[in-house]
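> here is a sequence with its predicted model. Questions after.
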Amino acid sequence: MRDGAENAGRPDTAAPAIELKGISKAFGPVQANKDISIRVMPGTIHGIIGENGAGKSTLMSILYGFYKADAGEIFIQGRKTEIPDSQAAIAAGIGMVFQHFKLVENFTVLENVVLGAEEGALLKPSLAKARKLLSELAAEYELNVDPDEMIEELSVGHQQRVEILKALYRQADILILDEPTGVLTPAEADHLFRILNGLKDQGKTIILITHKLREIMEITDTVSVMRRGEMTATVKTKETSPEELAELMVGRKVLLRVDKKPAEPYARVLEVENLRIVDEDGVERVKGVDLHVRGGEILGIAGVAGNGQSELLHVLGGYGRAAGTVRVNGEDIDLTGSRSDGQSRRARGIAHVPEDRHREGLILDFFAWENMVFGYHNAPEYQKSSWFMDNAAIRRITQEKMQRFDVRPPNPALAAKNFSGGNQQKIVLAREIERDPDLLLVGQPTRGVDIGAIEFIHQQIIALRDRGKAILLVSVELDEILSMSDRIAVMFDGRIMGERLPAETDERELGMLMAGITDTGRAPVHRPPSGLVTGNGTQA
Ligand SMILES: Nc1ncnc2c1ncn2[C@@H]1O[C@H](COP(=O)(O)OP(=O)(O)OP(=O)(O)O)[C@@H](O)[C@H]1O
């Protein structure tokens, strides 16, 4: 193992902020961490990368006291430290920002930051003192949030700032962030990186888990690579390249760009006319969208999260109601009646990979094989007779699909919640793509997915296109939109701002459209009209 964790300007003799020695952890037959040793120097940003299921989250969970290691030792600032629970981690100066935030939605920012801090016996100030401390921290690290705002009112990026503030309030010197940019817009991600650099300048130590090599190259000092439970390399970021890291991670060369031939589109499979969607609060989210997707092409929808793309995908996938016209293969789709549900859409040849795999893609407590039949219960290969499902066949077919999509471990009898995030995503993709649908609706297909799997998923989507199927791709990743799409539509404030061909546009132009700026000026933001059918079917 190459070890290059020294920080420029700091003596090599300084004790590592964190040192793990020989950490191992098994879950039944799965050896999630095998004899892992790593040193992270103070005042550095240390990246951890690795394929889905490589064991990154497990290692961080051990460091944060969520799991107990089967073997190994932890040293914090040179001192051997036992971390039996997260209170002990906090007391040792470790803070963690999870992928799925742990905030109380109907509490204010201030309440969330203070909540539980007293248990750590660190601080027990009055609320007024806490407010003062919070605003000092916020000002020092560019973490502006209103202390009295409710969490549920905040954007995802701001909620993440609250998580960071919570850790700093508990006097964390070491901050672990698990895929922090997966849910952020590009501007929010830039802001987060400024914050992290500021923390580093103050001498804090940061561990960043991410699948995005661009982020690793941009912000880390050192990077460790995990592979199948082992730590296989630690390198200085300036001495490596994305290609080398990809190879270290996956064990083979990875194509970091999408390889595809020009599209050969034919008849329109999906036609959308004047689609309007009003949400449960009466806010119009989609404001008269017209679009079409032909067989044999990928239409990419670009946009900053929250501009109506999610609602559009949602309604097309059979969740919620809308006004307007949607035709698939020339036949109208019911947008208001009782047949507006996911299962009837699937019967019409529409497959749907939802953006949020936890809420809509999977039932986490159910086995992988049970998840594989959702929406497809009536498929003949799953039926034993008209009364009974053939569970043995479902398990066998699930295992085959898991192997084709390289789900690790390919065990149909494991509950969905026990797969790593990227492997959960692959289960949803395997279920939907393997049906060979006429129309694939796919939201954020590679969120949380490692680069080897991204290459595979992109190839599967393109193969579907090349079999003449229509694909509507929604992604907040501009790279993905530019490299996958045959046409790009940009959504802003519930409308399509413009359409471009990927070869004739770039990130800058798309970015302007995503901000609502066209050649003719800034788009007006309209108020919702009344009398529309809402997302839950009531009148707005
Ligand atoms: N509670 C659990 N029970 C059983 N197996 C588990 C549990 N938690 C993790 N695993 C398994 O341990 C292995 C490592 O998972 P981990 O979540 O640490 O991977 P990861 O590198 O963080 O992956 P990703 O990039 O997909 O988030 C995987 O095979 C996973 O299925």
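Thanks, I have it. Numbering: from 1, shown residues only.

> which element is D146 on?
Under DSSP states H and E, no helix or strand contains D146.

> number of residues surrounding it?
When neighbours are counted by other CB atoms under 10 Å, D146 registers 13. In short, each C-beta sits where N, CA and C put it, glycine included.

> contacting residues around it?
Counting by CB atoms under 8 Å, 6 or more residues apart in numbering, D146 touches V109.

> repeat that with 10 Å
Residues in contact with D146 (CB atoms under 10 Å, 6 or more residues apart in numbering) are T108, V109, L110, A138, E153, L154, H158.

> for E400, pull up the helix or strand it's in.
Going by DSSP H and E, E400 is in helix 391-404.

> buried ones in that helix?
I394, R395, I397, T398, Q399, K401, M402 (16 or more other CB atoms under 10 Å).

> which is the succeeding secondary structure element to it?
Counting by DSSP H and E, what follows helix 391-404 is helix 421-433.

> look at A263 and give its secondary structure.
The three-state label given to A263 by DSSP: H, G, I helix; E, B strand; the rest coil is coil.

> show me what from the stretch 301-450 of the chain comes close to the ligand.
By CB under 6 Å from any ligand atom, the residues of the stretch 301-450 of the chain that approach the ligand are R408, P409, N418, F419, S420, G421, G422, N423, D450.

> quick one: end-to-end distance for stretch 474-491.
One end of stretch 474-491 to the other measures 10 Å (CA to CA, to the nearest Å).

> in that stretch, what counts as buried?
474-478, 480-491.

> so which residue of the stretch 251-400 of the chain comes closest to the ligand?
A368 (10.6 Å; CB to the nearest ligand atom).

> distance of the residue lying closest to that residue once chain neighbours are set aside from the ligand?
Of all residues not flanking A368 in the chain, P412 sits nearest, at 4.8 Å (CB to CB, 6 or more residues apart in numbering). Distance, P412 to the ligand, by CB to the nearest ligand atom, to the nearest Å: 13 Å.

> check the burial of P412 by counting its neighbours.
22.

> same thing with G422?
24.

> same question for I461.
Neighbour count for I461, taken as other CB under 10 Å: 24.

> V250 too?
V250: 18 neighbours (other CB under 10 Å).

> verify the stated contact: it with L213.
No. Look at V250 against L213 with CB atoms under 10 Å: they stay out of range, at 11.5 Å.

> residue numbers of this protein in contact with the ligand?
27, 30, 32, 50, 52-58, 408-409, 418-423, 450.

> hmm, 5 Å instead?
Contact residues, the chain versus the ligand (CB under 5 Å from any ligand atom): 27, 30, 32, 52-58, 418-422.

> what about the stretch 201-350 of the chain, any weak spots by pLDDT?
By pLDDT under 70, the weakly predicted segments of the stretch 201-350 of the chain are 337-342.

> how about the strands in it?
Secondary structure of the stretch 201-350 of the chain (DSSP state E, counting those that start in this stretch): strands located at 205-209, 222-227, 230-236, 268-278, 284-294, 298-302, 323-328, 331-332, 350-353.

> need phi/psi at R447.
Per-residue torsions, R447: phi -60, psi 130 (degrees, to the nearest 10).
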